[in-house]
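K.L.:
Just the structure for this:
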Amino acid sequence: MYPMSNLSPRRAAVLSFIRDRVAGLGQPPSLAEIATACGLATRGAARKHVLALAEAGLVEVTAGQARGIRPAGMRARSDLLRVPVLGRVAAGAPIGADAGLADILTLDTRLFSSAPDYLLRVQGDSMIEDGILDGDLVGVKRTPEARDGQVVVARLDGELTIKRLSRSADALRLLPRNPAYAPIEVEPGQDFAIEGVFCGLVRRG
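P.N.:
Coordinates of the predicted model:
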């Protein structure tokens, strides 16, 4: 293995950042993130340092992947999970569903009450009293069933929304957690389905 003492301070900083990022978040950094964190002017400059580290056997680079940089020999942690990000969900009035694959994140399973099948980006502020904010990524566990009081992702007339489910003998409602929004009454015969239940969130700075 190439000795660390032979690395320039800048290159050692790049290597340390890559190691810390993968060890801490389970997700390799992008070239842009390396450049920003290590004071490099461009992604191209970050790429040169990464390729030099790869030639020295200190990192492994997977071609064609935006986050394909990993410290050499670092094993995957068993408490990490790769989760697809599938578009967005409304916390407010329902918005049109967008289920296109937007990203794949490697996340610590301890962030969630159960392992999510996918993440959706929240748009709106109707769930702020439950700590779900605009821009959050919410973890969703696929299930067509949910208990009264659970936070669910529901499809209503072809549109997705995240709300607290309220079931009674004669009514089905989707409750916001912001007094500025009115409950959504689900009418008999209306196109309605529970897509999954909320199991945690990721807030990216």
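K.L.:
which sections of this protein are below the confidence cut-off?
P.N.:
1-6, 24-26, 74-79, 93-100, 205 (pLDDT under 70).
K.L.:
where along it do the strands fall?
P.N.:
Under the criterion DSSP state E, strands of the chain are mapped to 59-61, 69-71, 80-90, 95-96, 98-108, 118-123, 137-142, 151-156, 159-167, 172-175, 184-185, 192-202.
K.L.:
Make a markdown table out of these and add mean neighbour count and distance to residue 43.
P.N.:
For the C-beta atoms, the positions are set from N, CA and C on the backbone; glycine is no exception. Putting those into a markdown table (neighbours: other Cβ atoms under 10 Å; distance: least, Cβ to Cβ, whole Å) gives the following:
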| stretch | mean neighbour count | distance to residue 43 |
| --- | --- | --- |
| strand 59-61 | 18 | 14 |
| strand 69-71 | 20 | 12 |
| strand 80-90 | 19 | 22 |
| strand 95-96 | 13 | 33 |
| strand 98-108 | 14 | 18 |
| strand 118-123 | 22 | 25 |
| strand 137-142 | 22 | 24 |
| strand 151-156 | 20 | 35 |
| strand 159-167 | 21 | 34 |
| strand 172-175 | 17 | 43 |
| strand 184-185 | 16 | 45 |
| strand 192-202 | 19 | 25 |
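K.L.:
To residue 41, which of the ones you listed lies closest?
P.N.:
Residue 41 lies closest, by Cβ to Cβ, to one member of these: strand 69-71, at 18.7 Å.
K.L.:
wait, doesn't residue 183 sit right on residue 172?
P.N.:
No. Here residue 183 lies out of contact with residue 172, judged by Cβ atoms under 8 Å, at a distance of 10.5 Å.
K.L.:
Overlap of the contact sets of these two?
P.N.:
residue 166 (Cβ atoms under 8 Å, 6 or more residues apart in numbering).
K.L.:
could I get the strands of the chain as a markdown table with distance to residue 42?
P.N.:
Below are those laid out as a markdown table (distance: least, Cβ to Cβ, whole Å):
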| stretch | distance to residue 42 |
| --- | --- |
| strand 59-61 | 18 |
| strand 69-71 | 16 |
| strand 80-90 | 27 |
| strand 95-96 | 37 |
| strand 98-108 | 23 |
| strand 118-123 | 29 |
| strand 137-142 | 29 |
| strand 151-156 | 40 |
| strand 159-167 | 39 |
| strand 172-175 | 47 |
| strand 184-185 | 48 |
| strand 192-202 | 29 |
